[in-house]
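Undergrad: Quick one, structure for this:
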Amino acid sequence: MNYLKVLPLLTSAFMISACSSNHQKYPLIENKLYGTWSCQMDIEEEDFKLALDYEVTYVRNGKSNGFGTLKVQSPDIPEMEYSIADSSIWELDSRYLIETTTEIKILNISHPEFDDFFNLESMFPQNLSGSSEILILTDSLLKTKAESDGTIISCIKGDYK
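TA: Reported below is the predicted structural model:
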């Protein structure tokens with residue numbers, strides 16, 4: 001498996017997890033963003049599969065915290081499951097959500113013996129930044145498209161599950 005093609009996909013996934021926000025410019029959009037979102041992303045490319053289930057909370061001070069699980073499948077390795085937790089800062093610029101991860105912890109919970117060969121956490125530097133276009137933002141639905149590779153992530157607000 002070419003692990004270098006996994007990195008851009010995962011980077012897009014983590015960018016939804018969220019620079020302080022500009023409350024004067026985009027208050028209507030920003031007010032809908034506040035709260036806890038349950039997000040999912042599934043990617044299939046040839047014989048590679050990636051599934052992310054993630055919960056992120058955006059707060060008024062321009063910070064966010066998230067946690068979830070990531071599953072990676074490839075014929076080269078057994079299915080790997082990771083626990084993910086991160087803290088980020090975020091801001092809005094028109095219809096774009098710009099996020100910078102300040103801390104990230106990724107733990108291989110299924111096969112830690114593979115960490116010497118493929119340590120996912122070591123691939124994500126602190127202060128990783130990305131931008132996503134907000135395609136849909138309602139009181140209950142958030143859908144974004146990563147500028148880097150076009151990955152779409154869909155989220156449902158915690159109160160609307």
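Undergrad: Apart from its neighbours in sequence, what residue is nearest residue 60?
TA: residue 34 (6.1 Å; CB to CB, 6 or more residues apart in numbering). All C-beta spots, glycine's among them, are computed from the backbone N, C-alpha and C.
Undergrad: so that neighbour makes contact with residue 63?
TA: No: the criterion here is CB atoms under 8 Å, and residue 34 misses it with residue 63 at 11.3 Å.
Undergrad: of the two, who's got more company?
TA: residue 63 (17 against 14; other CB atoms under 10 Å).
Undergrad: Tell me what that one is bridged to.
TA: Residue 63 has the following beta-bridge partners by DSSP bridges: residue 89.
Undergrad: give me every residue that touches it.
TA: 18, 87-90 (CB atoms under 8 Å, 6 or more residues apart in numbering).
Undergrad: Need these in JSON lines (columns: pLDDT).
TA: Shown next, in JSON lines, are those (pLDDT from 0 to 100):
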{"residue": "18", "pLDDT": "38"}
{"residue": "87", "pLDDT": "95"}
{"residue": "88", "pLDDT": "96"}
{"residue": "89", "pLDDT": "96"}
{"residue": "90", "pLDDT": "96"}
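Undergrad: any chance of the residues you listed in CSV, with neighbour count and distance to residue 148 too?
TA: Listed next are the contacts of residue 63 as CSV, based on neighbours: other CB atoms under 10 Å; distance: CB to CB, whole Å:
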residue, neighbour count, distance to residue 148
18, 29, 15
87, 15, 21
88, 27, 16
89, 19, 18
90, 22, 16
